[in-house]
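Colleague: I'll drop the sequence and a predicted model, then ask my questions.
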Amino acid sequence: MLIAQLADIHLGHRQYGLDERLEDYNRAFLNAVNELIRLREEKGMDTVIISGDFFDTQRPTPSIYITAIRGLTRLREAGIKVFVIRGNHDSSVINPTENPLVVLHQMGLVRYLDNEYADFGGVRVIGVGTVYTDMQNKLINSLNGLRGNGINIAVIHQYIEGAPYIYP
């Protein structure tokens, strides 16, 4: 079983306010789709996990939705399953149910996991969206409550207390 993992795609990001950077992010995502399809054809890779911040904002523009739909449709047509969790840019921690990933899930382009799991091929993929740093006990309890007996892959988009980082 071969699984690909992507994170922090940030579709819709205009780094430095430049339209050129917006296009760079779109192009990078579509190039990743091409590579994933190549891996499907050459190695049999059939699952992709997107572990947060697929979008740069919880309200992407129609053109960003079109880019996302275009790439995800190609993956679906190639027989690749896509699991996705929300990152801090995809939705508000206060209102996690209102986010663009739900739309992609309803369209059948992704399987959106938010405090739930999916089993396939003896593997359980557990998806837990971003929580506030001071709620990490909730995160740990969610993960423990969703564990299976076989191989578990916990997918989170989260700073973990004690991990070294420099962030302004």
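Modeller: Yep, it's here.
Colleague: residues of the lowest-mean-pLDDT helix or strand in the chain that come out buried?
Modeller: Here the helix or strand of the chain ranked lowest by mean pLDDT, DSSP states H and E is helix 136-146, holding a mean of 80. Residues of helix 136-146 classed as buried: 139, 142-143, 146 (neighbour count, 16 or more other C-beta atoms under 10 Å). All C-beta atoms are positioned from the backbone trio N, CA, C, and that covers glycine.
Colleague: so where do the strands sit in this structure?
Modeller: With DSSP state E, the ranges of strands along the chain come out as 3-6, 47-51, 81-85, 111-112, 116-120, 123-128, 151-156.
Colleague: out of the ones you listed, which comes closest to residue 27?
Modeller: strand 3-6 (14.8 Å; C-beta to C-beta).
Colleague: quick one: strands adjacent to the closest one?
Modeller: Using DSSP bridges, the strands paired with strand 3-6 are strand 47-51 (parallel).
Colleague: how about the biggest helix by length in the chain: buried residues?
Modeller: Ranked by residue count under DSSP state H, the longest helix found in the chain is helix 19-43. By 16+ other C-beta under 10 Å, the buried positions in helix 19-43 come out as 22, 25-26, 29, 32-33, 36-37, 39-40.
Colleague: adding pLDDT, write those residues out as a markdown table.
Modeller: Below are these laid out as a markdown table (pLDDT from 0 to 100):
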| residue | pLDDT |
| --- | --- |
| 22 | 92 |
| 25 | 95 |
| 26 | 96 |
| 29 | 97 |
| 32 | 97 |
| 33 | 98 |
| 36 | 98 |
| 37 | 98 |
| 39 | 97 |
| 40 | 97 |
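Colleague: let me know the closest of these to residue 74.
Modeller: residue 33 (5.4 Å).
Colleague: for residue 78, grab phi and psi.
Modeller: phi -80, psi 0 (degrees, to the nearest 10).
Colleague: residues contacting residue 17?
Modeller: The contact partners of residue 17, taken as C-beta atoms under 8 Å, 6 or more residues apart in numbering, number zero.
Colleague: what's the burial count for residue 59?
Modeller: When neighbours are defined as other C-beta atoms under 10 Å, residue 59 has 10 of them.
Colleague: number the chain from 14, please
Modeller: Sure thing, new numbering starts at 14, so read that last one as residue 72.
Colleague: so it touches residue 113, yeah?
Modeller: Yes - with contact defined as C-beta atoms under 8 Å, residue 72 reaches residue 113; the gap is 7.5 Å.
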